[in-house]
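Novice: Coordinates for the following, if possible.
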Amino acid sequence: MKFRIAVHICILLFTVLAFSAPTLAQDEVTIDFWIPGGRGRDEGTAAVIEAFEAQNPHITVELTATPFGEFFDSLQVAFAGNSPPDAALIDGVGVQNLAFNGALLPIEDMFSQEDLDDFMGDLIEMVTLDGHMFAAPWANAADAMYYNVDMFEAAGVQAPKTLEEGWTWAEFVDNVNAVRAHQAEQGNEVWGMMGFNNPLQGAFFTWTIIRSASSPGEPLWETIAPDLSTFAGYIDTPEAMEAYAFYQSLYTDGFAPSDNIPDAFPNGLTATFFAIPPTGTVLARNFPDLNWDVMPMPYIKTPITHTGSFAPGVAAKSDNPEEAKAFVKFFTSQEGYGIYHNVTKVVPGRKSMQAQLPDFQEGFLALLFEEMVEWGVARPGGPAHTIFNRIIASDMMVNIALGGDIEEEVANAILEADAQLMQFR
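Specialist: Numbers count the residues shown, from 1 in each chain. Now for the predicted structure:
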């Protein structure tokens, strides 16, 4: 009799637990999501959160928007400590470094094969380390070469309109110099090219020029040894040295300025402007009378545009990893992206979104979207990207632009950067 009672109690207890499990799984949970504030990210993200919470009433997402200039340092400190946010919108090129240091959870299990096929391949490469995705592709960017349509037409120079018509850098300089010569005949001295910063710095800009002198699989294209041990033999190849010389000539020949000139492009002080996709939105809004367009990025040997933008990831120390993953999945879904885009426009990291968004079906954004899909590659360096970007793609390239001895600058940069790579050995 006692045995029967015990059995009935066990069955009753099992039944209660079984039926209560789903309820427990729906207990109210709050997750933190950090983003760099500004440029409409606050409003766009808030709209996505509202939709996510409506579909997941047991999950509350607390949004923290930190000023852009403070965000990345704050995030690094938080990830290094014991109380990071459950999820964050991370600078895509920093994902592999955070993953290398154990700060992020792999999240590829959240996505179907259809999702993975829809994400742009360069973005998957950007967030993948040792075969695992540590953030979700979300937004993208591309190098954008703007040009003054009126100046080009006045000089009788037809800028390329398709990727197939794209110019090499040598052709670009020759054609733009023809535009400059015509302007000079009218009494207007203009620069050939203005950069997003002057001289250009950072892998997104400088290495697009240099890397285009090689092809996928070649040392210069890879930029760094596979084991992250050295840059020697990769950034000092003959092709690299020739590319540095060309880059230097842009400045020493007076084609591009070595100082920033505010609003030089809209004020007609330069024929072209090497910038980013959002620049077009700014030009259209602030300078409605300016007649401009975008051409495919010039290249030396291989067409290329560097890509990458923010990507949401989940902290390895999150107290609510499954809920954080669910939010990241929604944030990067077609629905989530569409909600965000209706508030704040960014270039989508999903190929399928082009057909859903009129902005990317014609005009300059359509060309840039095609450029991303066909030519886009992630910036090099992997977990060591920060070292590469600061010492080589920025400091070294500025010194070369300002007339430094190329062999000496490259040798010094390799010495300094390789010393920093010791942390990966």
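
Novice: Any chance you could spot the residue sitting in the middle of the chain?
Specialist: Geometric centre of the chain, nearest residue: Gly308, 2.0 Å, by CA atoms, centre = their mean.

Novice: Report the separation between the residue lying closest to that residue once chain neighbours are set aside and Gly131.
Specialist: Using CB to CB, 6 or more residues apart in numbering and skipping residues adjacent in sequence, the residue nearest Gly308 is Gly92, 4.2 Å away. C-beta: built from backbone N, CA, C; applies to glycine. Computed with CB to CB, to the nearest Å, the distance linking Gly92 and Gly131 is 18 Å.

Novice: Looking only at neighbour counts, state which of these two leads.
Specialist: Gly92 (27 against 7; other CB atoms under 10 Å).

Novice: which phi and psi does that one have?
Specialist: phi -50, psi -40 (degrees, to the nearest 10).

Novice: Please look at it and His306 and confirm they touch.
Specialist: No. The criterion here is CB atoms under 8 Å, and Gly92 misses it with His306 at 11.0 Å.

Novice: before we move on, the earlier item: show me what contacts the residue nearest to Gly308?
Specialist: Leu123, Met126, Val127, Ala135, Gly308, Ser309, Phe310, Ala311, Ala378 (CB atoms under 8 Å, 6 or more residues apart in numbering).

Novice: phi, psi of the residue nearest to the centre of the chain?
Specialist: Per degrees, to the nearest 10, the backbone of Gly308 is at phi 110, psi 150.

Novice: just the one 5 residues further on next, same as before
Specialist: As for Gly313, its main-chain torsions (degrees, to the nearest 10) stand at phi -130, psi 170.

Novice: So the closest residue to it other than its chain neighbours versus Ile107, what's the distance?
Specialist: Distances taken as CB to CB, 6+ apart place Ala135 nearest to Gly313, at 3.6 Å, with adjacent residues excluded. With distances taken as CB to CB, Ala135 is found 7 Å from Ile107.

Novice: who has more neighbours, the two?
Specialist: Ala135 (31 against 23).

Novice: That one reaches Thr128, doesn't it?
Specialist: No. The pair Ala135 and Thr128 does not pass the contact test of CB under 8 Å, sitting 9.1 Å apart.

Novice: tell me the secondary structure for Met241?
Specialist: helix (DSSP: H, G, I helix; E, B strand; the rest coil).

Novice: Now do the contacts for it.
Specialist: Per CB under 8 Å, 6+ apart, neighbours of Met241: Ile406, Glu407, Val410.

Novice: Most neighbours among these, which one?
Specialist: Busiest of the contacts of Met241 [other CB under 10 Å] is Val410, holding 22 neighbours.

Novice: residues touching it, list them.
Specialist: Listed by CB under 8 Å, 6+ apart, the contact set of Val410 reads Ile235, Asp236, Ala240, Met241, Tyr244, Met396.

Novice: of all those residues, which two lie farthest apart?
Specialist: Using CB to CB, the contacts of Val410 reach their maximum pairwise distance at Met241 and Met396, which is 12.5 Å.

Novice: Quick one: the strands in the stretch 301-425 of the chain, in order.
Specialist: Secondary structure of the stretch 301-425 of the chain, counting by DSSP state E, counting those that start in this stretch: strands at 305-306, 310-314, 347-348, 376-377.

Novice: okay, and the helix or strand of the protein with the least pLDDT?
Specialist: helix 2-25 (a mean of 40; mean pLDDT, DSSP states H and E).

Novice: Val346: neighbouring residues, count only.
Specialist: Neighbours of Val346 (other CB under 10 Å): 20.

Novice: Which phi and psi values does the nearest residue to it once chain neighbours are set aside adopt?
Specialist: Distances taken as CB to CB, 6+ apart place Ala139 nearest to Val346, at 4.3 Å, with adjacent residues excluded. When quoted as degrees, to the nearest 10, the phi and psi of Ala139 stand at phi -110, psi 170.

Novice: So what sits opposite Ala139 in the bridge?
Specialist: Using DSSP bridges, the beta-bridge partners of Ala139 come out as Pro348.

Novice: And it, what's its pLDDT?
Specialist: pLDDT, Ala139: 96.

Novice: That one reaches Arg350, doesn't it?
Specialist: No. Judged on CB under 8 Å, Ala139 makes no contact with Arg350 at a distance of 9.9 Å.

Novice: hang on, the earlier thing: now the contacts of Met241 as JSON lines including pLDDT and distance to Met145?
Specialist: Output for those, formatted as JSON lines (pLDDT from 0 to 100; distance: CB to CB, whole Å):
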{"residue": "Ile406", "pLDDT": "99", "distance to Met145": "24"}
{"residue": "Glu407", "pLDDT": "99", "distance to Met145": "29"}
{"residue": "Val410", "pLDDT": "99", "distance to Met145": "26"}
